[in-house]
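Asker: structure for this input, please:
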Amino acid sequence: MTTREATDVAAVRRVIEDLAAAIYQKDADAAVALYDEDIVAFDLAPPLAIDAPVLHDPAHIQSWFDTWKGPIESTPHRIEVRVGGDIAYAFGLRHMTGTKNDGTKTDLWFRATACLVRRDGRWKIAHMHNSVPFAMDGSRLALLDLTP
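Answerer: Numbering: from 1, shown residues only. Prediction:
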């Protein structure tokens, strides 16, 4: 790996870490600041796709943050980063834990991919895709109890 590639990989990892910190702190403005202008997300909750105008509105993610009591742990695990020019992607697992306002404890592992673009020298998230596997037995149930 060249010095430039190593620098880019480290910068992309920082963006992923900054996103985890924004989620932990429930800082909607910090999360939105990491997004590219034309970001699209495929997230755990509906709808199937969330477009840039919604994602750039801090109220969108803040409404989710407000359903949690205290911090939201969203820790990246086994993250792999690939960089080619001004495009990068990071993929791995995330472990989300915390307590909802109704007292329900959340402990969820899910798959996460972030695609990034370099704009004006800064890496921005252009696409996020989070998902959980589902049972292939015809029940169509999400498998929320899997761990690595």
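Asker: shaky segments in this structure?
Answerer: Of all residues in the chain, none has pLDDT under 70.
Asker: that one: strands as residue ranges?
Answerer: 35-42, 68-84, 87-100, 105-119, 122-131 (DSSP state E).
Asker: what is the third one packed up against?
Answerer: Spelled out, that is strand 87-100. Helices and strands touching strand 87-100, by 3 or more C-beta pairs under 8 Å, 6 or more residues apart in numbering; DSSP states H and E, are helix 3-25, strand 68-84, strand 105-119. In this view, the C-beta of every residue, glycine as well, is placed from N, C-alpha and C.
Asker: that older thread, of the strands of the chain, which is nearest L144?
Answerer: Between L144 and the strands of the chain, the tightest spacing by C-beta to C-beta is seen for strand 105-119, at 5.9 Å.
Asker: give me the contact list for the closest one.
Answerer: Residues outside strand 105-119 that contact it (C-beta atoms under 8 Å, 6 or more residues apart in numbering) are 8, 12, 15-16, 19, 36-37, 44, 76, 85-100, 123-133, 144, 146-148.
Asker: tell me how many other residues surround V117.
Answerer: V117 has 18 neighbours, counted by other C-beta atoms under 10 Å.
Asker: how much space between it and S131?
Answerer: According to C-beta to C-beta, to the nearest Å, V117 stands 22 Å off from S131.
Asker: how many neighbouring residues does Y24 have?
Answerer: 15.
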